[in-house]
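1. Provide a 3D model corresponding to the input given below.
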Amino acid sequence: MRIGIVCFAWGKENRGGLETHVSGLAKLFNDFGHQVFIHCINQDINNKDQYHTRSWKEGSFHITQMNYNCSDTRCLFDFQRVPQAEISLKNWIHCHQLDVIDFHHNLFYGIRAIRSCSKLVPSVVTLHDYWCLDPQSSLFGSDHSIIEPDDHIKWEQNSLKASDRTLKSFESAKYYRPPHTDINSGRSNISLKAAWIRYSNQMLSYASTIVSPSIEAATVHHQHGITHNISVIENGLNLSYQRGQLASEIESTADATPISQRIRMGILGSVAPHKGQLKFCEILLEESLKEWFEIEIHGPIPDNYQGDQSSQIGIQQLADHHPEFLTLKGSYNKESLPSIFSSLDVVAMPSVWHEVYGFVAREALAYGLPVIVTDAGGLSGLSGHEGVFTLPRADTANWGRYIRQGLEEGPFFRWTYKRRQGIPVASDFIPSNRDCARKLETLYQNLISCQGNAA
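-> Below is the predicted model:
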């Protein structure tokens, strides 16, 4: 097969969870004997040559990169329709005579690109985020709470606050009127949220197949108005270490200085309100649990999140005031995960938005560490497994009580003892990237076969 992958970014400088997952899939498809072609974005804000493309070969991969940073958007719906990006994708499909393409990201390409490309080749859409429901991709409001399906006003306020370019054109004014009944026509104006999702739903109808990494994320899409069938294929793990690495860790550290008695907890990922780092640390302090834990936060601390600096400022202040409790370690790369995990007893992922999958928690489990997670989105799929302590996302006020109960009645001390004895928790239930790639390979082959039979 000649497989086309449409993604947000490519290269060693883009090593986030999704980018690492996609690059891992590309390598595996190549290992399976397929030719892989990448179409990605260069969003450099200083680049004035919009839509210019350049191509190169990277080993056996063919890379095409298009310059685009959304600087020409006049209204919110310009994010959904990017005609020049559609032309670039169609030229790419024709040039390489692709058999199938998989959209792993629609931001910068627009959701309408699915319709354009589906006329040429079977087109899969993998929903790694909530962009087709929310231009901020997270369904998480500026008030630090989830945007519910029927909360059209909050959705609109959040979208317009974060996308100032959408206010530049009178052309978009009809979308910004709040829901009300027109006295003359007797018809209700559609809300901005409903308009965005209705258009996304219309364009998704052209996809050959829609895929979600988790049942929970698929459910969120349906709750917000996506009416099409969504198949679930778990992302799987692209590990830089062997599963259960914890078991072989003790030998190499046997002569090290004895570790402290406090439970060493790590929280990994960029600091942001929807990731819950600040809320989690504050609650542990409020519950007077700082004598039981020492926390390391690994990940970048951006200047703000959609203009909001509260999480960044708050976490820095906590680290300054409680250095024995909280340490900020800064950014890390994929190759650093084994050394990070080797210094921890447990990993926490206290997300308060609907996580689509939850790479970090699954990577920690694969290393052999127990985890603390919420039941937010795809994380809830981990609940009930040994080594997983689940907090209710919607009940943050009682997180401290639940964790104290976990200390007093178990299982934290039992897990910590096993961890320090080099006994890893089981992670066989979490698929690998190879498992994911094989399922996608079968999906692609079936779509191509169906197209051939139809012809």
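2. can you pull out the helices in the stretch 101-250 of the chain?
-> 113-118, 152-162, 192-204, 215-223, 246-252 (DSSP state H, counting those that start in this stretch).
3. which of these sits most buried?
-> Among the helices of the stretch 101-250 of the chain, ranked by average contacts under mean count of other C-beta atoms under 10 Å, first place goes to helix 113-118 (a mean of 23). Where C-beta positions appear, they are placed from N, C-alpha and C, glycine not excepted.
4. quick one: residue 121 and residue 94, what's the gap?
-> As judged by C-beta to C-beta, to the nearest Å, residue 121 and residue 94 stand 10 Å apart.
5. which of these two has more neighbours?
-> Ranked by neighbour count (other C-beta atoms under 10 Å), residue 121 and residue 94 place residue 121 first, with 20 against 11.
6. so that one makes contact with residue 92?
-> No. Shown here, residue 121 and residue 92 do not form a contact pair, counting by C-beta atoms under 8 Å, at 10.4 Å.
7. what is in contact with the two at once?
-> When contacts are counted by C-beta atoms under 8 Å, 6 or more residues apart in numbering, residue 121 and residue 92 have 4, 98 as shared neighbours.
8. isn't there a helix covering residue 446?
-> Yes. Residue 446 sits within a helix when classified using DSSP: H, G, I helix; E, B strand; the rest coil.
9. distance-wise, check it relative to residue 36.
-> Residue 446 is 19 Å from residue 36, by C-beta to C-beta.
10. repeat for residue 276
-> Counting by C-beta to C-beta, the gap from residue 276 to residue 36 is 36 Å.
11. more neighbours, these two?
-> Between residue 276 and residue 36, counted using other C-beta under 10 Å, residue 276 has the larger neighbour count: 26 against 21.
12. who touches that one in this structure?
-> Going by C-beta under 8 Å, 6+ apart, residue 276 touches 350-352, 374, 396.
13. mind giving me the domain split of the chain?
-> Per the record, the chain has its domains at 2-139+193-236+432-454, 246-420, by automatic domain parsing.
14. report the distance from the first one to the chain centre.
-> Same thing as domain 2-139+193-236+432-454. Distance of domain 2-139+193-236+432-454 from its chain centroid, counting by C-alpha atoms, centre = their mean, to the nearest Å, is 14 Å.
15. same check, this time on stretch 430-439
-> For stretch 430-439, the distance to the chain centre is 17 Å (C-alpha atoms, centre = their mean).
16. what's the mean pLDDT across it?
-> For stretch 430-439, the mean pLDDT works out to 96.
17. now do stretch 350-366
-> Mean predicted confidence for stretch 350-366 is 95.
18. first-to-last residue distance for that stretch?
-> One end of stretch 350-366 sits 18 Å from the other (C-alpha to C-alpha, to the nearest Å).
19. likewise stretch 115-124?
-> Stretch 115-124 stretches 11 Å from its first residue to its last (C-alpha to C-alpha).
20. what of stretch 7-24?
-> 13 Å.
21. tell me where the stretch 351-455 of the chain has strands.
-> For the stretch 351-455 of the chain, the strands defined by DSSP state E, counting those that start in this stretch occupy 371-374, 388-391.
22. low-scoring pLDDT stretches of this protein, where are they?
-> For the chain, applying pLDDT under 70 flags the ranges 12-17, 45, 161-189, 250-260, 452-455.
23. phi, psi for residue 344 please.
-> Phi and psi for residue 344, reported as degrees, to the nearest 10, are phi -120, psi 160.
24. quick one, strands of the stretch 1-150 of the chain?
-> So, for the stretch 1-150 of the chain - with DSSP E, counting those that start in this stretch - the strands run 2-6, 35-42, 53-58, 61-67, 100-103, 123-126.
25. so for residue 307, which of those strands sits nearest?
-> For residue 307, the closest of those is strand 35-42, at 22.6 Å, according to C-beta to C-beta.
26. Provide the strand pairings for the closest one, with the direction of each partner.
-> Looking at strand 35-42 with DSSP bridges, its partner strands are strand 2-6 (parallel), strand 61-67 (parallel).
27. any idea which of the ones you listed is most buried?
-> Highest mean neighbour count among these (mean count of other C-beta under 10 Å): strand 2-6, with a mean of 24.
28. contacting residues around that strand?
-> 22, 25-26, 29, 34-40, 89, 92-93, 96-105, 109, 113, 121, 444.
29. only alpha carbons, please: show it as CSV.
-> Taking C-alpha atoms only, strand 2-6 is exported to CSV below (Å, rounded to 0.1, in the frame of the first residue of the first chain):
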residue,chain,number,x,y,z
ARG,A,2,0.9,3.6,-0.5
ILE,A,3,-0.3,5.2,2.8
GLY,A,4,-0.7,8.9,3.3
ILE,A,5,-0.6,10.3,6.8
VAL,A,6,-1.9,13.9,7.4
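30. please shift the residue numbers so they start at 25 in all later answers.
-> Understood, numbering begins at 25; the last thing we discussed is strand 26-30.
31. quick check on residue 323: phi, psi?
-> phi 150, psi 160.
32. pull the contacting residues for it.
-> Contact partners of residue 323, counting by C-beta under 8 Å, 6+ apart, are 291-295, 354-356.
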